[in-house]
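1. Need a 3D model of the sequence below.
(2 chains)
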Amino acid sequence: MTGKNSPSPHTSASAPADKPQETNDTKLYTIIVFSENLAGVLNSVTNVFTRRQLNIESLNVSASAYEHIHRYTITTYTDERTIRTLVKQLEKKIDVLHAQYFTNDEIFIMDQALYKIATAKLVENREISKAIRLHDGKIVEVNNTYAIVSKEGLPEETLALYEKLKGFDCLLQYVSSGVVAVTKSVREPLAEFLYLREEEKRAMEQPLDL
Amino acid sequence: MTQKITGAEILMKALLDEGVKTLFGYPGGAIMPVYDALYDYRDRLNHILVRHEQAAAHAAEGFARVSGQTGVCLVTSGPGATNTITGIADAMMDSTPIVVITGQVGTQMLGSDAFQECDVVDITQPITKWAYQIRSAKDVAWAVHRAFYIAGSGRPGPVVLDFAKNAQLELAEYVPGTIDFIRSYVPVPATAKSSIIQAADLINAAKRPLVLVGQGVELGNAVEELKSFLEKAGLPAGCTLHGLSALPSDHPLNVGMLGMHGSLGSNKKTQECDLLIAVGMRFDDRITGKLETYARQAKKIHFDIDPSEINKNVEVDVAVLGDCKKTLPAVTELLKATDHAEWRDSFREWDALEKERVIEPQIHPAEGPLRMGEVIRRVSELSQHKAVMVTDVGQNQMMAARYFRFSQKRSVVTSGGMGTMGYGLPAAIGATFGAPERTVCLFLGDGGLQMTIEELGTIMEQQAPVKIVLLNNNYLGNVRQWQQLFFRHRYSFTPMMNPDYEKIAEAYDIPARTVTDRAELDNAITEMLQTQGPFLLQAAVMEEDNVMPMCCPGHDVDDMILTSEELSH
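-> Just a heads-up that it's a prediction; the model follows:
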């Protein structure tokens, strides 16, 4: 076993230390991308960001409600002008079906976090379990060495519990899933896009039937 | 049940079904099964053996630019593939349809650092429309048809097919087919009816309209539609570098090239027009000069097939998305017939000034060494302005763009977005195959020629009729010009010692002639044009000549200098 497997709580649980702040020009945007489920698409999606050296704050890729279509939720700090073109460049990728950007007031977002803490500290300091309750965290596993706390919420809420636990010097590990988001809009652009494409395909095939 | 054949042979059949007749390539280990299959298809597929894989990509580009068909290149894995990268990136920037087929080690060896293994798909993803690894013989036909559909449709561009060796050897059935629909890919965006009406309204209301013609017009095969559009409303039009042959040079509404080394009139009037109408162009920084001040006074319309170009560099009032072959006539129909004669005439005082101060001294110098402009103009005249102009990059390119004249579409083969030195010679080879009935004149400098000079071997072997006009000034001329103007005359590594190019040409059995004397120029050019096959004409031109006029970097587009003396610093 190397030292890498037994780091101090301070290094292992170092988290979002140097987050870029929002400025007059830049803010946090959430981009929702739908693509065909093919190898290599993730790379071509992230290429659009790396080309501009835009740091991706969080990235979540998972299956969508549609078969064979993947859904990406990406957050990044940038300005309106950049994000507008960037989203169109994402959509231009051959296997990307739809891409759209949102500000936080246009979407429901959720983050899932896990906190691994030292059982000894938990037992010796009652404030820790109190903080977990106050932050609506769930203790999902306890053994002699560690306990695991789970919490879902807005990114600032999961982060707040992280800051609190860090203050108690009990954190062994911390991980956040990165946000997932659904839109508040009553329209479903992907469904509309897929419908439109289906219609176009039918129209193209028509002359062949003659 | 049809007979099973190798993946390599399926590639041959699929290429034939896509209408491919010519490919440019270079064999190597991981593509050997394909070359073995090709051996039996030599009667149907004309393979041009280049001397370096970069040249295969550029030749495919040159082929595509003049013919409108997708160029194909075939190379091996590892270094063979990486050598094509410059050409792929060039094709991406300039919207040139090419399909690059690279060999790859067998799938079972991927990730093992096998001999000549290289992650080509990953490397090329940012510089292609599509990059795909063919891992099974069953995928070959699908991938080839998809590649050609993607490369040639919508805004064209390069596609890479990375062909694993085991897939080349495996057996599968070939089922002929085509692809003309991909759910996630919308090659031509829908045109909003309202955008057509708004565009027509703006044009009808404009007093001082100016059209910017880009390569999109030729790519969209809309040269005639553009002409009708311009002529109905009397719209003056400037052309981008790639758009130069989309409108005949002598058309009364043509106000010359746009941008850094464009015509004085078109750039001055960009800042005076009340409506700017961009057609199939992307507001490159070489066109706009300083963006913050670019045509602020004007309303703007942008016709484009690529939605990501809208508002990318310049915010516009109306975006007309779609295929300009359809959108231009739709707008034209709504235009009031008018001529804007006074506005058109107002360009002419600038034309006269430019002619006197810049053009005449370039094309009709009374004395002194040969100048680039006069050589280019005489080549153009003596080929009745009907030749294909291929250029390398640098002063030769800007001078050719300024002084060559165009009467036919698809006559410009040059590296615009990437500015790839070394592009000229291989692209010209490709152009001779893409337009075998046309004269192909290549203008290049002593720097660019040496970057891909090995292709003289390809020219020799193919007897490719490239009329090579070497404008030799013993400098990397364009950088030297910038050093003179902006770096206090400090010629850091731009003077260059040259070999004896006539001897080199002789070694390759290419007829050559050097001209230094103005009195011999016509005779030399005529000899070049009348010689069957390739010819190298070396013109010893003024060493420290500058491309003028010039909009200096970071300056307003109408802030042009006519001579280097005007620059005070």
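2. how many other residues sit next to the residue in chain A positioned nearest to chain B?
-> Nearest to chain B, among the residues of chain A, is residue A:88, at 3.7 Å (CB to the nearest CB). (C-beta placed from N, C-alpha, C; glycine too.) Residue A:88 has 18 neighbouring residues, counting by other CB atoms under 10 Å in any protein chain shown.
3. contact partners of the strand or helix carrying it?
-> Assessed by DSSP states H and E, residue A:88 sits inside helix A:80-92. Helix A:80-92 is contacted by residues A:29, A:31, A:33, A:45, A:48-49, A:52, A:54, A:76, A:78, A:96, A:98-101, B:306-308, B:310-312 when judged by CB atoms under 8 Å, 6 or more residues apart in numbering or on different chains.
4. For the stretch 251-400 of chain B, list the residues in contact with chain A, please.
-> Counting by CB under 8 Å from any CB of the partner chain, the stretch 251-400 of chain B comes close to chain A at B:306-308, B:310-312.
5. Quick check: buried residues in stretch A:102-116?
-> A:102, A:104, A:107, A:109-116 (16 or more other CB atoms under 10 Å in any protein chain shown).
6. and it, C-alpha only, in CSV?
-> Provided in CSV are the C-alpha atoms of stretch A:102-116 (Å, rounded to 0.1, in the frame of the first residue of the first chain):
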residue,chain,number,x,y,z
PHE,A,102,-30.0,27.8,-19.4
THR,A,103,-29.5,30.1,-16.4
ASN,A,104,-30.4,28.8,-13.0
ASP,A,105,-33.9,30.4,-13.0
GLU,A,106,-34.9,28.4,-16.0
ILE,A,107,-34.3,24.9,-14.7
PHE,A,108,-34.8,22.7,-11.7
ILE,A,109,-31.4,21.4,-10.6
MET,A,110,-30.4,18.8,-8.2
ASP,A,111,-27.0,17.6,-6.9
GLN,A,112,-26.2,14.3,-5.1
ALA,A,113,-23.4,14.3,-2.6
LEU,A,114,-21.7,11.6,-0.5
TYR,A,115,-19.6,12.3,2.6
LYS,A,116,-17.4,9.7,4.2
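7. Check the offset of the helix holding residue A:88 from the chain's centre.
-> 19 Å (CA atoms, centre = their mean, to the nearest Å).
8. The helix or strand following that helix pairs with which strands, parallel or anti?
-> Of the helices and strands lying after helix A:80-92 in sequence (DSSP H and E), the nearest is strand A:96-102. With DSSP bridges as the test, strand A:96-102 is paired with strand A:26-36 (antiparallel).
9. angle of the strand it pairs with against helix A:80-92?
-> 10 degrees (axes from the mean of the first three to the mean of the last three CA atoms, to 10 degrees).
10. Run through the neighbouring helices and strands of the helix or strand that strand A:26-36 is followed by.
-> Using DSSP H and E, the helix or strand that follows strand A:26-36 in sequence is helix A:41-50. Contacts defined by 3 or more CB pairs under 8 Å, 6 or more residues apart in numbering or on different chains; DSSP states H and E place helix A:41-50 against strand A:26-36, strand A:56-63, strand A:69-79, helix A:80-92, strand A:96-102.
11. got the CA positions of helix A:41-50 in PDB?
-> Only the C-alpha atoms of helix A:41-50 are listed here, as PDB (Å, rounded to 0.1, in the frame of the first residue of the first chain):
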ATOM      1  CA  VAL A  41     -19.500  11.600 -28.700                       C
ATOM      2  CA  LEU A  42     -18.600  12.700 -25.200                       C
ATOM      3  CA  ASN A  43     -15.200  13.600 -26.500                       C
ATOM      4  CA  SER A  44     -16.600  15.700 -29.400                       C
ATOM      5  CA  VAL A  45     -18.900  17.500 -26.900                       C
ATOM      6  CA  THR A  46     -16.100  18.400 -24.500                       C
ATOM      7  CA  ASN A  47     -13.900  19.400 -27.400                       C
ATOM      8  CA  VAL A  48     -16.100  22.400 -27.900                       C
ATOM      9  CA  PHE A  49     -15.200  23.500 -24.400                       C
ATOM     10  CA  THR A  50     -11.500  22.700 -24.400                       C
END
